[in-house]
Each structure stands twice: as C-alpha cells, then as structure tokens.
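Here is my input; please provide its structure:
(one chain, ligands or ions: 2)
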Amino acid sequence: MFDTCEPGQLIDLMSAAARAEAIAIAQRLSAVASLYAHREREFADRRLWLCDATTACAAEVSAAQNISRARATGQVHAAVALHKRLPKVATVFVTGAIDFRMVLAILSRTENVDDELMPAVDEALAERVPTWMRLSKRKLYDRLDLWVAKFDEAGVRVPPVAKDNRYFDIEPHIPGLAFAGGVLDATDASALNQRLEALASDVCENDPRTKSQRRADACGVLGRGEGALECQCGSSECPASTVRESATKIVIHVLAEQATVDGTSDHPGYLSGFGILPAESVRELAPDAKIRPIAKPGSRAEDSYRPSTALADFVRWRDLTCRWPGCDAPVAECDIDHTVPWPFGATHASDLKAYCRTHHRLAGRRLSSRL
Ligand SMILES: [Zn+2]
Ligand SMILES: [Zn+2]
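Ligands and ions are numbered 1, 2, ... in the order given. Reported below is the predicted structural model:
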C-alpha cells in the first residue's frame, strides 16, 4: 500500500493514522454517551419499564456496531464514566492527543475516587496526560495513582477487601509440572522476588537454562531450604560452585515522605519495582526499617566522572526506573548515565539519569555513531 513512500512520509503517515484512530474512538464513545443520555431521560419519565437505560442503550450499540451484548455493555459503561466523571479528559481525547489505552487506564485508576472530588482530578489529569503517552503501563498507573492520591487519598486503589484476599496457591498443572501463583503483600513479594533473583543469578555463564527457568528452579531451592541453586554447566571447575547465595542480604527500599512516616500525612510511599505503597503500609514497616533521608544535591558539580554515593542515591530515588521512554527496569539494575558525556557534561543531578544496561549501551552507541 505504501511501498513507494519514503521513510519520512511513512513516519508522518503512521502518526497521522494513530491520531485519527484515537479521534474516531473518542467520537464513537461520545455518540454512545449521548445516546445513553437520551435513553436515561426517557426511562426516567416512564413509570413502568422492562429493562434499564444501560440495557436498552447496549442493545442499540450492539446492533449498530455488530458486536456482542457484553462488549456493547462494556462500551456503554466506559463511555458514560468518561463523559460524566471525566468530561475534560474526554475533550482532550477527541483531539487525538491521547489514545484509548490511556483513557482505559484513567478510568480504571480513578474508579474509587469520590464523585465530589472528580472535577479536580479530571482537570489535573486533562492538563497532564498528553505528556504521559510514552509511559509504560506500570509507570502510567503509578503516575495516575499519585495524582489521585493528591486529591483523594482514599481513592487510590488499595481496597481493604483486596488486601484480606491475599493467597498463594500451588496446584498440579500438566504431568510433571505444577502451577504456583497468588496475590501477596507487596513488601513480601519484593523480598521473594529479590531472593529468587539472587538464587537465579548464582550460576556461571555457561548454565544452559534461561533466567525464567532458573527463577522457577530457585523455588525448589527455597522449598528444600537449601542455600544455593546448583549450576548446570557440568564443569568441575565451575566458579559458581564456591559462591554461597545465603550470604545475599535482601533489602526492601521504600521511598516515603517524613510526614507519612510520622503519621501526619497519608501521602503514599513508593516500593521500588512495585509502585505505590499505601501510607498505612509505610507506617507498618517504619519501626523496623532503617530510615535514611535523601539529601538533595547542591548546585556545584562533582569533580569526578563517577558520582558520589550520595549523588547516585539521589538520582536513583528521583528516577525510580530506567528513564528510557517505556522502560520499567528498576533502578537496582540500572547504570547512571551522563546525558552530555563527561567531561563536557557535568557530574551533577541535572546531567545524570538512570539507564538500564540495554538502554545505556544503546545511548552510548547512538552517540558514537554520531561522532
Ligand atoms: Zn557453572
Ligand atoms: Zn531501559
């Protein structure tokens, strides 16, 4: 179809098509919301009815779009929620500046917000969401949760029922394999994750298994109460055989305001790799935690290429994950990168950022290919 186009034209075509697609969906939902408003008024006037406005509207949506009743009902719910609770976001959506994925994320993360507080949340989000389009799903949820918490601390999605329903199941899968999974307290999950990572990394580079397989095998190590995952390279000189995993210390990093720790604020904390941590969970952890203030660096750049521990700490806590658009690699797996290469760029917070190994290499290669 576009075989004769130049790369520049192709890029223009795809960005115009993406915007047109968002506008078309916004218009479709706007029509659904208006149709619902008609039906709602009519149903309010009637004394007797056979179904409600949503069912009636969904029947028409399903016929008009040739889709199932369940999908049509979902569409009516989304359209009505968007237009009633987030009218300003709906206005941004129809310009094509945000896409349907963003709208769905906003709808789901603002579901619990009190109706009275919604106009303020709507206004704040409408202003900011166009600049959040590049965020990965997890970062987008974190960003939305933080803004929701600013207006309605109870609106962040931490329903107590969900917390009470945590579980961990292990069931037969197919012969020879089992399925294990569940919903854990985020700090327990962080500890388990770090333990599995540490065990899985404790083999030499000739181990034939993938990282996922080694993490799965590490569960057996935990179950048997052993200290290390045996390397499968088969060499009698394997260097990993002398390493003992049990020496690895599990540390859970949580970022929180002092006021949250003191109990004078309910602003949530942030659990590295897992997102928002409710204020009450922060306070449960605080008595046994080692609390370290994060020092804001001064205006003077440091003299060496490598940042001091305090400066590197600040950059890590500021960035939380790799800064490459859409990358979720936690800072623990990141390098600190100079945006403008040292010594032209300064060893200062304004020129430093966290990049995972892949993106650090990619950024370095782009630079060297430009030189
Ligand atoms: Zn080995
Ligand atoms: Zn990355």
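
so who does the nearest residue to residue 331 once chain neighbours are set aside touch?
For residue 331, ignoring the flanking residues on the chain, the nearest one in space by C-beta to C-beta, 6 or more residues apart in numbering is residue 316 at 4.2 Å. Placement of C-beta: from N, CA and C, glycine included. Contacts were defined as C-beta atoms under 8 Å, 6 or more residues apart in numbering; by that measure residue 316 touches 331, 334, 336, 354.

Identify the farthest-apart pair in those residues.
Using C-beta to C-beta, the pair of the contacts of residue 316 lying farthest apart is 331 and 336, separated by 9.2 Å.

So those two - more neighbours on which side?
Each of residue 331 and residue 336 had its neighbours counted (other C-beta atoms under 10 Å), and the higher figure belongs to residue 331 (24 against 18).

Just the local confidence number for that one, please.
You'll see residue 331 listed with a pLDDT of 82.

Output the longest helix belonging to this structure.
As assigned by DSSP state H, the longest helix anywhere in the chain is helix 7-45.

And the average pLDDT for that helix is what?
Taken as a whole, helix 7-45 carries a mean pLDDT of 92.

In it, which of the residues would be classed as buried?
Buried positions in helix 7-45, judged by neighbour count with 16 or more other C-beta atoms under 10 Å: 22, 25-26, 28-30, 32-33, 35-36, 39, 43.

can you tell me how far the residue nearest to residue 331 sits from ligand 1?
When C-beta to the ion, to the nearest Å is applied, the distance between residue 316 and ligand 1 equals 31 Å.

and what of residue 253?
To ligand 1, residue 253 is 30 Å away according to C-beta to the ion.

ok, now how distant is the spatially closest residue to that residue that is not a sequence neighbour from residue 237?
Counting by C-beta to C-beta, 6+ apart, residue 272 is the residue found nearest to residue 253 once chain neighbours are left out, at 4.6 Å. With distances defined as C-beta to C-beta, to the nearest Å, the gap from residue 272 to residue 237 amounts to 37 Å.

higher neighbour count, these two?
A count of neighbours by other C-beta under 10 Å puts residue 272 above the other of residue 272 and residue 237, at 19 against 7.

isn't the more buried one right up against residue 319?
No - between residue 272 and residue 319 there is no contact, the gap being 10.8 Å when judged by C-beta atoms under 8 Å.

so what sits against both of those two?
Taking C-beta under 8 Å, 6+ apart as the contact criterion, the residues that touch both residue 272 and residue 319 are residue 331.

got any residues that touch both of residue 331 and residue 336?
Each of 316, 354 lies in contact with both residue 331 and residue 336 under the rule C-beta under 8 Å, 6+ apart.

what stretches of the stretch 151-300 of the chain score poorly on pLDDT?
Scanning the stretch 151-300 of the chain for pLDDT under 70 picks out 153-162, 241-248.

Tell me where the stretch 1-150 of the chain is predicted with low confidence.
47-50.
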